[in-house]
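>>> Quick one: sequence and predicted model below, then my questions.
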Amino acid sequence: MQWWMHAVYDSGGLAAVLGWVFWVIFSICLHELAHGWAAIWQGDRTPRETGHMTMNPMVHMGGASLIVFALVGIAWGLMPTDPSRYRWGRRGRIAVAAAGPLMNLLIAVVSLLILVGYLHLAPSDTPVSGRVINFLYMGGMLNLVLLGLNLMPIPPLDGSQMLMGASYRCYVWFQNPTVQQYSFFALLALFFLLDIASWAFRAAEAGCTAFLALFGALPTGSPPI
């Protein structure tokens, strides 16, 4: 499956760039909306009151995130909620925090299922077909990466919010100003010193490969583009 990565990141050209832009923005917006839907379900109307229940990327990502995305290809989003309004109290954090990664998992599964159908039904030896394959594969892989990264137990990632909901001791620890202050630097260290993003992409590629193999849809031969 190594040619998938080459096609997407090395020789995909403009099609790969546009695909990456679409999937990052689309996935982040739906991830944040999932948090909002879960918060509203928990009785918190903050997402509606702040005007965040929209697909507008400027609302979810903001100018700084979009600028960083334009420069280095990574971005982030935010959905304001008020945990004090949650119907389940502190436990409501688990439901609201988990909604985002679950949305990424859903997007990945849907993208890969469409890819399975496409590989079975459409010709794979044309430039257009190759770009469609890479586009759908990129959607699946990126969302598996977002799923894994967001589950890391480091503030402000969703994994830390889930731990805060599950354990009062974790809740107190993560509320510590020192922990909040240095968690961002810990996150940067993981990304740049331990190259955690590279590990996440390798794991996501393995997951996509296993999913396609499960449905007998692994392509063979040279890359289509």
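Received, thanks.

>>> Quick check: the gap between the closest residue to Met103 other than its chain neighbours and Pro155.
Using CB to CB, 6 or more residues apart in numbering and skipping residues adjacent in sequence, the residue nearest Met103 is Ala34, 3.7 Å away. C-betas here are computed from N, CA, C, even on glycine. Remark: distance between Ala34 and Pro155 (CB to CB, to the nearest Å) = 19 Å.

>>> and the end-to-end length of stretch 188-197?
For stretch 188-197, the first-to-last residue distance is 11 Å (CA to CA, to the nearest Å).

>>> Contacts for that stretch next, please.
The contact list for stretch 188-197, computed with CB atoms under 8 Å, 6 or more residues apart in numbering, reads 145, 149, 152, 154.

>>> chain center to it: distance?
Distance, stretch centre to chain centre, for stretch 188-197: 17 Å (CA atoms, centre = their mean, to the nearest Å).

>>> what's the answer for stretch 120-133, then?
The answer for stretch 120-133 is 25 Å, by CA atoms, centre = their mean.

>>> same question for that stretch, mean pLDDT?
Across stretch 120-133, the average pLDDT comes to 79.

>>> With just CA atoms, put that stretch into PDB.
What follows is stretch 120-133 as a C-alpha-only set of coordinates in PDB (Å, rounded to 0.1, in the frame of the first residue of the first chain):
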ATOM      1  CA  HIS A 120     -15.500  -3.100  -7.100                       C
ATOM      2  CA  LEU A 121     -17.600  -1.200  -9.700                       C
ATOM      3  CA  ALA A 122     -15.500   1.400 -11.400                       C
ATOM      4  CA  PRO A 123     -12.400   1.000 -13.700                       C
ATOM      5  CA  SER A 124      -9.200   1.800 -11.700                       C
ATOM      6  CA  ASP A 125      -6.800   2.300 -14.700                       C
ATOM      7  CA  THR A 126      -7.800   5.900 -15.600                       C
ATOM      8  CA  PRO A 127      -6.400   9.200 -14.200                       C
ATOM      9  CA  VAL A 128      -9.800  10.300 -13.100                       C
ATOM     10  CA  SER A 129     -10.500   7.000 -11.300                       C
ATOM     11  CA  GLY A 130      -7.100   7.200  -9.600                       C
ATOM     12  CA  ARG A 131      -7.900  10.600  -8.200                       C
ATOM     13  CA  VAL A 132     -11.300   9.500  -6.900                       C
ATOM     14  CA  ILE A 133      -9.600   6.500  -5.200                       C
END
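
>>> Tell me where the model's unsure across the chain.
1-12, 123-125, 127, 193-194, 219-225 (pLDDT under 70).
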